[in-house]
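# model the structure of this input:
(2 chains)
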Amino acid sequence: MILGDILKTGMKLAKFSNEVIAKKLREIVAAYEVKGEDRFKIRAYDNAATSVEHATEEVRDLWESGKIKELAGIGPAIADHLDELFRTGRVKHFDEVKKGLPEGMFEILGTPGIGAKNAYSLAKTLHLRKGSAKADLLRAARSGKIRGRPGFGEVSEKAILENLEKTKKDENRMSLPVAGEIARKIIDYLKKNPKVIHVDALGSLRRGTATVGDVDIAVATSNPKDVVAYFTRYPEAVETLNEGDVKGRIVLSSGRQIDLMTQKPEAYGSLLQHFTGSKNHNIHLRELAISKGLSLSEYGIRNKAGRVERFSTEEDFYKRLGLDYIPPELREDRGEVDLAAKHSLPDLIEVGDIKGDLQSHTVWSDGRATLEEMAARAKGKGYEYLGITDHQLSLETKGITAIRSEIKRRNELIEQINSSYKNFRVLNGIEILIKADRDLSYPDELLQEFDYVLAAIHTGFNQDKVRITQRITAALRNPFVKILAHPTTRLIGRRDVIDADWEEVFRVCRDEDKILEIDALPDRLDLPDILIQEAKKYGIKFAIDSDAHAVEHLDLISYGVTVARRGRLSKSDVINTLSFGKLKEVLKIKGR
DNA sequence: GCCGTTTTCGGCCCGACTGTTTTCAGTCG
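Numbers count the residues shown, from 1 in each chain, chains lettered A, B, ... in the order given. Modelled structure (predicted):
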């Protein structure tokens, strides 16, 4: 059920999530763009939407405590609109702004390559209907009705088709932190009930996959019926779909369904194992069990005598099958069962192993915090170092002399900060562009001024495999480039991985002794786990970076560690688990 | 529409890329 339906049917007043609020603000941005509103006013709404998306608290909670204006980019006017939204469920001003525009245009916004103007023109000329605009557009693209419209040719039609098919496939999946936050709140709620002995998230969320379909929760309890009843009274639930003796299903205001499964504590391990999956991992286990004359289910292991043996923990469950405990992140049937049988599972890296962060941004480029603020937070996390890697300044507009003096100024500031800390160092790095013509955006004479250089692709994503591979390998061969940042450039649910010859990339990376980054931003998680596992076979080392653009982003490093675990990395595979002294050697940093 | 050590008015990034044009508009970061 979608939000609109919930309001229509007069259920509990929906608690607007930040995601929903940001979407509403972006619709106003698009409407204003089509109507030719003042561009600074448009930017103000755009800034507000970004601010809501990045907020670490629910905007509705801020509103309730009267602190909504503390959010950057929310001034008196937008605060008033949101106040109206929370009180009445709608905003008259928003309705007026959108008046006269085809409603279908707002449903296709956000499809890559379709901005406000294109959304408007497509919705209008193709008569995209409210409620089925995406499906209508997909049909039009398939039957070649988009090409020929003003501004659209064959290439854009094909791009629209591909992007729509991709988003269609992914649209119901959540990012890891979104799912994690939903689960965290429910788990906190369940923990308040004394009859709940253990509680865990299940499925792909527990395995830490890049996107999560459903949030399912397991509880160990001796009073399942009471716990299920308590679950259905969860304050953010708008509907109960199922309230049985041992299981329950509720619907949140966002429309998400949450399932609860319960089990007696003495059999909890089997439940947890069964619903953590993955499906293929469990199939493999069942085949193994059959070969031993056993049979698996969510209730336990049925032995040859026909008796079901129960397990309170997963460790005991795996042990009964002759296996070492397999961490959830590895349960994808990629050989982990055999490794567990041979007692040779890798010793996986943990968040506590991380000693510093090598990609972060400040107000010098597109970050929101100052160098001092970022350094203080990193130090506060117990790190030994923080690499500041702001984007380059434009060589064309600034000129080399101005840039050189800017680098010098930054170095002086960094030295000043470093002298104020004990056992903590800020590094002066840079994230440079691998341009479409495969040159780097700075000449070597500038690159050599930095402690280390991250190279990244930010444009020309659609080039063919040969050109993309050449761009990356050329960058890796530059003597000053140390780290290839977010190598595949994917944006989860929005942009696919670039088409590179990864084996060739990994070979060059190994030969040139360069580092691959694992970017921890939840919409990147780049490298993806499978490529990490592949790259590790070449003996390549990795850096797990937050790519922080604000102080709180430094905490996102844990998602990078999750991906690294899924890619089977140990502490020794990751350079930012090293002490500062060792890291300096690896990155060949002089001074500091 | 937001914001302020330049604080109630007057600024607010713009360059790169792409596909579509035949000099540019839309999108993205």
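# next one: residue A:444, what pLDDT does it get?
We have a pLDDT of 90 for residue A:444.
# so how far is DNA strand B from the closest residue to it other than its chain neighbours?
Once flanking residues are discounted, residue A:444 sits nearest to residue A:480: 6.0 Å by CB to CB, 6 or more residues apart in numbering. C-beta coordinates here come from the backbone N, C-alpha and C atoms, glycine included. Between residue A:480 and DNA strand B the computed distance is 20 Å (CB to the nearest atom of the strand, to the nearest Å).
# what's the neighbour count on the nearest residue to residue A:587 once chain neighbours are set aside?
When the adjacent residues along the chain are set aside, residue A:587 lies closest to residue A:452, with 4.8 Å between them (CB to CB, 6+ apart). For residue A:452, the count of nearby residues is 24 (other CB atoms under 10 Å).
# quick one: contacts for residue A:452?
Residues near residue A:452 by CB atoms under 8 Å, 6 or more residues apart in numbering: A:358, A:387, A:427, A:429, A:482, A:483, A:587, A:589.
# and if we set it to 6 Å?
Neighbouring residues of residue A:452 by CB atoms under 6 Å, 6 or more residues apart in numbering: A:429, A:482, A:587.
# reformat these as a markdown table; add neighbour count.
Converted to a markdown table, these look like this (neighbours: other CB atoms under 10 Å):
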| residue | neighbour count |
| --- | --- |
| A:429 | 23 |
| A:482 | 25 |
| A:587 | 20 |
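# which element, helix or strand, includes residue A:509?
Using DSSP states H and E, residue A:509 maps to helix A:502-511.
# my guess is residue A:69 contacts residue A:80. True?
No: using CB atoms under 6 Å, residue A:69 makes no contact with residue A:80, being 10.3 Å away.
# doesn't residue A:259 belong to a strand?
Yes: judged by DSSP: H, G, I helix; E, B strand; the rest coil, residue A:259 forms part of a strand.
# which residues of the stretch 451-592 of chain A fall in helices?
For the stretch 451-592 of chain A, the helices defined by DSSP state H, counting those that start in this stretch cover A:465-477, A:502-511, A:529-536, A:557-566, A:580-587.
# out of these, flag the one nearest DNA strand B.
Smallest distance to DNA strand B across the helices of the stretch 451-592 of chain A (CB to the nearest atom of the strand): 9.5 Å, for helix A:465-477.
# residues making contact with the closest one?
With contacts defined as CB under 6 Å, 6+ apart, helix A:465-477 is touched by A:434, A:438, A:455, A:481, A:498-501, A:504-505, A:508-509, A:512, A:514.
# show me the residue at the heart of chain A, geometrically.
residue A:522 (1.6 Å; CA atoms, centre = their mean).
# OK, contacts around it?
Residue A:522 makes contact with A:175, A:176, A:177, A:559 under the criterion CB under 6 Å, 6+ apart.
# do the same with residue A:454
By CB under 6 Å, 6+ apart, residue A:454 lies in contact with A:389, A:431, A:483, A:485.
# cutoff 10 Å now
A:358-359, A:387, A:389, A:391, A:429-432, A:475, A:481-486, A:515, A:517, A:543, A:545, A:547 (CB atoms under 10 Å, 6 or more residues apart in numbering).
# these two touch, right, residue A:411 and residue A:430?
No: contact status for residue A:411 versus residue A:430: not in contact, 11.8 Å apart, counting by CB atoms under 10 Å.
# got any ranges where chain A has weak pLDDT?
Applying pLDDT under 70 to chain A picks out residues A:1-15, A:56, A:167-172, A:396-397.
# what residue spans form the domains of it?
Using automatic domain parsing, the domain parsing of chain A gives A:13-170, A:172-263, A:280-345, A:351-587.
# mind putting these into a markdown table with distance to residue A:273?
Formatted as a markdown table, the domains of chain A follow (distance: least, CB to CB, whole Å):
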| stretch | distance to residue A:273 |
| --- | --- |
| domain A:13-170 | 28 |
| domain A:172-263 | 10 |
| domain A:280-345 | 5 |
| domain A:351-587 | 18 |
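# residue A:270 is nearest to which of those?
domain A:280-345 (4.7 Å; CB to CB).
# go ahead and measure how far the closest one is from the middle of the chain.
Domain A:280-345 sits 30 Å away from the centroid of its parent chain (CA atoms, centre = their mean, to the nearest Å).
# first vs last residue of it, how far apart are they?
Terminal residues of domain A:280-345 are spaced 18 Å apart (CA to CA, to the nearest Å).
# ok, stretch A:132-150 next?
Note: stretch A:132-150 ends 23 Å apart using CA to CA.
# which positions within it qualify as buried?
Using 16 or more other CB atoms under 10 Å as the test for burial, stretch A:132-150 gives A:133, A:134, A:136, A:137, A:138, A:140, A:141, A:146, A:149.
# helix or strand: which one has residue A:141?
Per DSSP H and E: residue A:141 is located in helix A:133-142.
# do the biggest helix by length in chain A and DNA strand B meet?
Secondary structure of chain A per DSSP state H: the longest helix is helix A:400-420. No: with CB under 7 Å from any atom of the strand as the criterion, DNA strand B is not reached by helix A:400-420; the gap is at least 13.7 Å.
# give me the angle between the strand or helix carrying residue A:181 and helix A:557-566.
Here residue A:181 sits within helix A:176-191, counting by DSSP H and E. Orientation note: helix A:176-191 sits at an angle of 100 degrees relative to helix A:557-566 (axes from the mean of the first three to the mean of the last three CA atoms, to 10 degrees).
# so how far is DNA strand B from the residue with the largest distance to the centre of chain A?
Centroid-distance maximum for chain A: residue A:305 at 47.3 Å, with CA atoms, centre = their mean. The spacing between residue A:305 and DNA strand B, counted by CB to the nearest atom of the strand, is 60 Å.
# coming back round to it: next, count neighbours for the residue nearest to residue A:444.
20.
# distance of it from residue A:491?
Applying CB to CB, to the nearest Å, the value for residue A:480 to residue A:491 is 27 Å.
# so where do the helices sit in the stretch 1-150 of chain A?
Using DSSP H, counting those that start in this stretch, helices in the stretch 1-150 of chain A cover A:3-8, A:18-35, A:39-54, A:59-64, A:76-88, A:92-98, A:104-108, A:116-125, A:133-142.
# just these: most buried one?
helix A:104-108 (a mean of 23; mean count of other CB atoms under 10 Å).
# residues contacting the closest residue to DNA strand B within the stretch 301-450 of chain A?
For the stretch 301-450 of chain A, the residue closest to DNA strand B is residue A:436, as judged by CB to the nearest atom of the strand, at 3.7 Å. Residue A:436 makes contact with A:457, A:458, A:459, A:460, A:461, A:463, A:467, A:471 under the criterion CB under 10 Å, 6+ apart.
# now for the residues you listed: which two are most distant?
Maximum pairwise distance among those (CB to CB): 15.4 Å, between A:458 and A:467.
# what angle do the top strand by length along chain A and helix A:465-477 make?
Longest strand in chain A by number of residues (criterion: DSSP state E): strand A:425-433. Put simply, strand A:425-433 runs at 150 degrees to helix A:465-477, going by the same axes, to 10 degrees.
# for the following helix or strand past strand A:425-433, name the packing helices and strands.
Toward the C-terminal end, the helix or strand that comes next after strand A:425-433 (DSSP H and E) is helix A:444-447. Here helix A:444-447 touches helix A:400-420, strand A:425-433, strand A:452-456, going by 3 or more CB pairs under 10 Å, 6 or more residues apart in numbering; DSSP states H and E.
# return the most buried member of these.
Highest mean neighbour count among those (mean count of other CB under 10 Å): strand A:452-456, with a mean of 25.
# do it and DNA strand B meet?
No: Strand A:452-456 does not reach DNA strand B (CB under 7 Å from any atom of the strand); its nearest approach is 9.5 Å.
# what pairs with that strand, parallel or antiparallel?
Strands adjacent to strand A:452-456 in the sheet, as given by DSSP bridges, are strand A:425-433 (parallel), strand A:481-484 (parallel).
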